[in-house]
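[1] Sequence below, structure please.
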Amino acid sequence: MQLSHALCLTLAAAACLTLPMLSSRAAEQPAAAPEAAPPALNFKMKTLAGQEVNLAEKYRGKVVLFVNVASRCGLTPQYETLQKLHEKYADQGLAIIGFPCNQFGGQEPGTSEEIAQFCKANYGVTFDMFEKIDVNGDTQAPLYRHLTTQATQPEPAGPIKWNFEKFLLSADGKTLQRFAPRTKPDSAEFITALTEALKARNAS
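    The predicted structure follows:
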């Protein structure tokens with residue numbers, strides 16, 4: 001009886017030592033690698049308010065529309081249509097992102113605060129607006145360096161031609177189509193591309 005009792009105590013002690021070791025080994029298992037960011041969203045940019053945003057973290061899974069914008073351009077009224085698209089489709093997964101640029105006729109000379117005030121006062125803009133950047137040339141923002149090298153339709157790869165050029169991205173971050181500045185955001189060809197991208201997103 002004494003030997004059996006001692007043996008039981010020994011086995012119990014061994015079990016107590018083994019369980020934590022197993023738990024520790026389980027905890028040491030590597031976590032799953034994070035999903036790589038789509039190339040078109042693998043950038044950090046600053047909003048008009050100066051807040052740094054990781055585009056992949058904020059817009060992954062959205063249908064994204066990048067637009068280089070300006071306040072003193074003949075195409076500036078496109079802000080109104082873009083805002084209407086935002087109001088209509090944001091709940092379905094659309095994210096419109098405006099990037100002010102002063103490279104075309106000096107038509108965006110204002111500060112971030114002035115741009116924000118202009119957009120709100122004149123067009124009630126509530127979609128996301130970022131700091132002024134260059135979209136062409138030696139000082140081109142890395143995001144636009146990527147966008148302008150993509151083979152797209154109906155506009156091909158190459159430098160941005162003017163204010164309000166538009167890049168439409170699918171929900172998985174692929175550049176679907178590129179639209180010329182004068183292509184209105186409510187044109188049939190644009191709305192068809194947009195609604196198809198949203199339909200694909202929401203069907204998956």
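[2] Quick check: neighbours of the host helix or strand of residue 178 in the sheet, parallel or antiparallel?
    Under DSSP states H and E, the secondary-structure element containing residue 178 is strand 175-179. Within its sheet, and counting by DSSP bridges, strand 175-179 is paired with strand 153-154 (parallel), strand 166-169 (antiparallel).
[3] Please put the alpha-carbon coordinates of stretch 57-76 into PDB.
    Backbone C-alpha positions of stretch 57-76 (Å, rounded to 0.1, in the frame of the first residue of the first chain) are rendered in PDB as follows:
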ATOM      1  CA  GLU A  57      -6.000  49.400 -43.000                       C
ATOM      2  CA  LYS A  58      -8.800  51.900 -43.700                       C
ATOM      3  CA  TYR A  59      -9.800  50.900 -47.300                       C
ATOM      4  CA  ARG A  60      -9.100  47.200 -47.600                       C
ATOM      5  CA  GLY A  61     -12.300  45.500 -48.900                       C
ATOM      6  CA  LYS A  62     -13.700  48.800 -50.300                       C
ATOM      7  CA  VAL A  63     -14.300  49.800 -53.900                       C
ATOM      8  CA  VAL A  64     -11.900  52.800 -54.000                       C
ATOM      9  CA  LEU A  65     -12.000  55.800 -56.300                       C
ATOM     10  CA  PHE A  66      -8.900  58.000 -56.300                       C
ATOM     11  CA  VAL A  67      -9.300  61.500 -57.800                       C
ATOM     12  CA  ASN A  68      -6.800  64.300 -58.100                       C
ATOM     13  CA  VAL A  69      -8.800  67.400 -57.400                       C
ATOM     14  CA  ALA A  70      -8.500  71.200 -57.700                       C
ATOM     15  CA  SER A  71     -10.500  74.200 -56.400                       C
ATOM     16  CA  ARG A  72     -10.100  76.600 -59.400                       C
ATOM     17  CA  CYS A  73     -10.600  74.400 -62.400                       C
ATOM     18  CA  GLY A  74     -13.300  74.300 -65.000                       C
ATOM     19  CA  LEU A  75     -13.900  70.700 -63.800                       C
ATOM     20  CA  THR A  76     -14.200  71.600 -60.100                       C
END
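[4] From the chain's centroid, how far away is it?
    Taking Cα atoms, centre = their mean, to the nearest Å, one finds the center of stretch 57-76 at 10 Å from the center of the full chain.
[5] cool, and stretch 154-170?
    Here stretch 154-170 is found 16 Å from its chain centre; the criterion is Cα atoms, centre = their mean.
[6] Many thanks, I have nothing further to ask.
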